[in-house]
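Student: coordinates only, no sequence provided:
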């Protein structure tokens, strides 16, 4: 029964990963009740890089998220970025034993890849530090703006349903809001069928 619950939890988390990163992430269910998760990192300096991860049987309660392989990142600077990406994924996995972490691992990987995009130059140290501080402030402000409202709970056939809604104005705020609600409750993290949707309005049309 526990293995079945783990499989359902892994499947539900992958639905959230694909909703949060529709252009970067793909997933596949394997025959041994495990899942593969492929994350395509943004192209930079004409370099494409991809990470292949696996959610093995027993994930998340008994086994951790694994990095199976990666390819791309041929330049020296890109290999350094990839090492940072792999390190951050493993850190997230190690710190999340027993809990879902694929969504956080993908977010950490993309941040590490993008942060490692600039060439190291002593003269650019001050500007790099300033940019990092600006990103940190922007992320903090996005998190502060995320105010979730929860609807009443509805139970049917041993299942409990509850809707949560928040107002966002950008994709960055959408991802920040998703992190907030997932981190707010272990019950939400363990839910077997979390469904995520983001709608963005423009002055002339609605984007669904």
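Tutor: Sure, I can see it. All values derive from a computational prediction rather than experimental measurement. Residues are numbered from 1 along each chain as shown.
Student: where do the strands sit along this protein?
Tutor: 25-29, 35-44, 47-55, 66-72, 149-150, 154-156, 159-161, 164-165, 200-201, 206-207 (DSSP state E).
Student: between the ones you listed, which gets nearest to residue 115?
Tutor: For these, the distance to residue 115 is smallest for strand 35-44, at 11.6 Å, taking Cβ to Cβ. No exception for glycine: its C-beta is placed from N, CA and C like everyone else's.
Student: mean pLDDT lowest for which of the strands of the chain?
Tutor: Mean pLDDT per stretch puts strand 206-207 lowest among these, at a mean of 40.
Student: distance of residue 68 relative to residue 7?
Tutor: Taking Cβ to Cβ, to the nearest Å as the measure, residue 68 falls 19 Å from residue 7.
Student: more neighbours: which of these two?
Tutor: It is residue 7, of residue 68 and residue 7, that has more neighbours when counted by other Cβ atoms under 10 Å, with 19 against 12.
Student: quick one: the more buried one from residue 13, how far?
Tutor: For residue 7, the distance to residue 13 - Cβ to Cβ - is 11 Å.
Student: over to residue 167?
Tutor: Distance from residue 167 to residue 13, counting by Cβ to Cβ: 24 Å.
Student: the protein: helices as residue ranges?
Tutor: All helices of the chain, identified by DSSP state H, fall at 2-20, 76-94, 102-115, 125-145, 171-183, 186-190.
Student: the residue lying closest to residue 10 once chain neighbours are set aside pairs with what?
Tutor: Closest residue to residue 10 apart from its sequence neighbours, by Cβ to Cβ, 6 or more residues apart in numbering: residue 55 at 4.7 Å. Beta-bridge partners recorded for residue 55 (DSSP bridges): residue 35.
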